[in-house]
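>>> Fold the following for me, if possible:
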Amino acid sequence: MRPDMLAPPPYGPALGLVETASIARGILVCDALVKRAPARILLSETVSPGKFLILFDGGEAEVSESFDAAIAAAKDSLVDRLLLPLPHPQLWHALAEPQRAATLDSVAVVETHSVASTLGAADAAVKAADVTLFRLHLARGIGGKGWFALTGPLHMVEAATEAATRSLAAGLLAGVEIIAAPHGELGGTAL
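Okay, the predicted model is just below:
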């Protein structure tokens, strides 16, 4: 997801995301959710392999109402969904401004099969332990999957990774790796 695609801050206290298997249905879902309650569309776009993503924010009640309308409108086209009443500030930051870590302590990389599961797992990770979410990649060029990277002391990275993987529904974890002592070049090349 490109940062220039997101609406400008400030972001609302709640975040919603709906992924559909149909582009046409995704556009209808987008219309349904904004008609139900005042929610701000942060992103609505197609991603590989032919899915449609809608990311929106607003007040908790409004996002919840819009989310319900979106799920009802998606019907059998629904791939995944996420409703976060209070996303961690690091999640907002990672969505808006992709960054590289200046220095890496221990590193965890968590890969999932959907954008919603990636955002939910990243939020769970940064809420569970004192780690830094420094990389978030959603859908583009990777078949609709997502991944994120965390850094911090090894015990914190392990705790965050455990929370992230526990938050995922069965079958949504594509991979997870923890690197206790990454080489200095890793942050400038692979991540």
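
>>> Break the protein into its domains for me.
According to automatic domain parsing, the chain comprises the domains 3-84, 90-181.

>>> can you tell me which residues contact E177?
When contacts are counted by CB atoms under 8 Å, 6 or more residues apart in numbering, E177 touches A108, V109. Where you see a C-beta, it was placed from the backbone N, CA and C, and this is true even at glycine.

>>> Give the bridge partners for it, please.
Counting by DSSP bridges, E177 is bridged to V109.

>>> Check which residues of stretch 94-113 are buried.
By neighbour count on 16 or more other CB atoms under 10 Å, the buried set for stretch 94-113 is 94-96, 101, 104-113.

>>> Quick one: end-to-end length of it, please.
Counting by CA to CA, to the nearest Å, you get 19 Å between the two ends of stretch 94-113.

>>> and that stretch, how far from the chain's centre?
Remark: stretch 94-113 is offset 12 Å from the chain centroid, using CA atoms, centre = their mean, to the nearest Å.

>>> any idea of the mean pLDDT for it?
Averaging pLDDT along stretch 94-113 gives 83.

>>> oh, and call the first residue 44 from now on, that's how I've got it
I'll keep to 44 as the first residue from here, and by that count the last item is stretch 137-156.

>>> coming back round to it: pick out whichever of the buried residues of stretch 137-156 sits closest to T204.
If you rank the buried residues of stretch 137-156 by distance to T204 using CB to CB, A151 comes first, at 4.4 Å.

>>> so who does the closest one touch?
Per CB under 8 Å, 6+ apart, neighbours of A151: 168, 174, 192-194, 200-201, 203-204, 207, 219-222.

>>> low-scoring pLDDT stretches of this structure, where are they?
Applying pLDDT under 70 to the chain flags residues 44-52, 141-145, 230-233.

>>> show me where it has helices.
In the chain, the segments counted as helices under DSSP state H are 66-79, 103-117, 132-139, 158-171, 197-210, 229-232.

>>> Who are the packing partners of the third one?
Counting by 3 or more CB pairs under 8 Å, 6 or more residues apart in numbering; DSSP states H and E, the packing neighbours recorded for helix 132-139 are helix 158-171, strand 175-181.

>>> now the fifth one
Under the contact criterion of 3+ CB pairs under 8 Å, 6+ apart, helix 197-210 touches strand 149-155, helix 158-171, strand 189-195, strand 216-222.
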